[in-house]
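S.K.: Turn this into a structure:
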Amino acid sequence: MMQWGTFQIAHGDVHQLGDRLMAFRETYRRLAAHRSEVLEAAVYVESRLEFLLCRLFIGVNETREALFRSFVLDPDTGSFHAKWRMLRGALEVVGLPPGSITEAERHEMSAGIRDVISTRNMFAHGDIFVDARDGRAFIQYYEGKRREEYVDDAFLRAYMGLAEMVAERMDQITSALTPHQA
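M.R.: Prediction:
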């Protein structure tokens, strides 16, 4: 992985940091390395979402699935957020297939997808800083307004757990679908 020579510090003067500068650089690099893990998890969740949408709308038909993926799910026409809204709407209209997940789990899954999207956007578009006051890393991003989110190992573990739960719930729904239900 390319190691860039600079990093961003907030709430302090780089010339007054002395020995702490190297520790802050390592904090920055550690969070920057986790950025790709967060994005990979989001890509995986989005791929499971697309597969579920194909089964809901198309069933098992390779030709129609290829058309649906090309014209509806393609990133130029269908954002991650739009796909999430499509799933929410479809499940509200047709309901959950028998033997999949409960309504409470559906709501938890839907909120989880929204959080995966939000965190993905934060990591994809935000700037990483190290707070010179205490050495913690945070991401500054824009979501309706400028925000800052301090990110530590617990935050990253919770996000990965959330992404895994969401993917599992979508896979449970997909497994419960049969071609004649789609």
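
S.K.: When you work out contacts or count neighbours from here on, use the C-alpha atoms and nothing else.
M.R.: OK.

S.K.: For Arg35, give me its contacts.
M.R.: If a contact means Cα atoms under 8 Å, 6 or more residues apart in numbering, then Arg35 has Phe123, Ala124 as its contacts.

S.K.: and the helix or strand where it lies, how far from the chain's centre?
M.R.: Assigned by DSSP states H and E, Arg35 falls within helix 20-57. Relative to the centre of its chain, helix 20-57 is centred 7 Å away, using Cα atoms, centre = their mean, to the nearest Å.

S.K.: Buried residues in that helix, which are they?
M.R.: Neighbour-count burial for helix 20-57, counted by 16 or more other Cα atoms under 10 Å, picks out 21, 24-25, 27-29, 31-32, 35, 38-39, 41-43, 45-46, 48-57.

S.K.: Just the strands from the chain, written as ranges.
M.R.: 9-10, 127-131, 137-142, 146-150 (DSSP state E).

S.K.: Neighbouring strands - and their directions - for the third one?
M.R.: Neighbouring strands of strand 137-142 in its sheet, by DSSP bridges, are strand 127-131 (antiparallel), strand 146-150 (antiparallel).

S.K.: which of the ones you listed is buried the deepest?
M.R.: Ranked by mean neighbour count, these are led by strand 127-131 with a mean of 22 (mean count of other Cα atoms under 10 Å).

S.K.: Now that one - C-alpha only, PDB.
M.R.: The C-alpha trace of strand 127-131 is given here as PDB (Å, rounded to 0.1, in the frame of the first residue of the first chain):
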ATOM      1  CA  ASP A 127     -10.900  13.400   5.600                       C
ATOM      2  CA  ILE A 128      -9.000  11.600   8.300                       C
ATOM      3  CA  PHE A 129      -7.500  13.700  11.100                       C
ATOM      4  CA  VAL A 130      -5.600  13.100  14.300                       C
ATOM      5  CA  ASP A 131      -6.700  15.200  17.300                       C
END
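
S.K.: and the angle for it with helix 20-57?
M.R.: With axes from the mean of the first three to the mean of the last three Cα atoms, to 10 degrees defining the directions, strand 127-131 sits at 140 degrees from helix 20-57.

S.K.: sorry, back to before: with respect to the strands of the chain, which exhibits the lowest mean confidence?
M.R.: For those, mean pLDDT drops lowest on strand 9-10, to a mean of 70.

S.K.: And Tyr44, how far from Ala104?
M.R.: 23 Å (Cα to Cα, to the nearest Å).

S.K.: ignore the last one, Leu52
M.R.: For Leu52, the distance to Ala104 - Cα to Cα - is 19 Å.

S.K.: Run through the chain and note the low-pLDDT ranges.
M.R.: For the chain, residues meeting the criterion pLDDT under 70 lie at 1-9, 11-17, 178-182.
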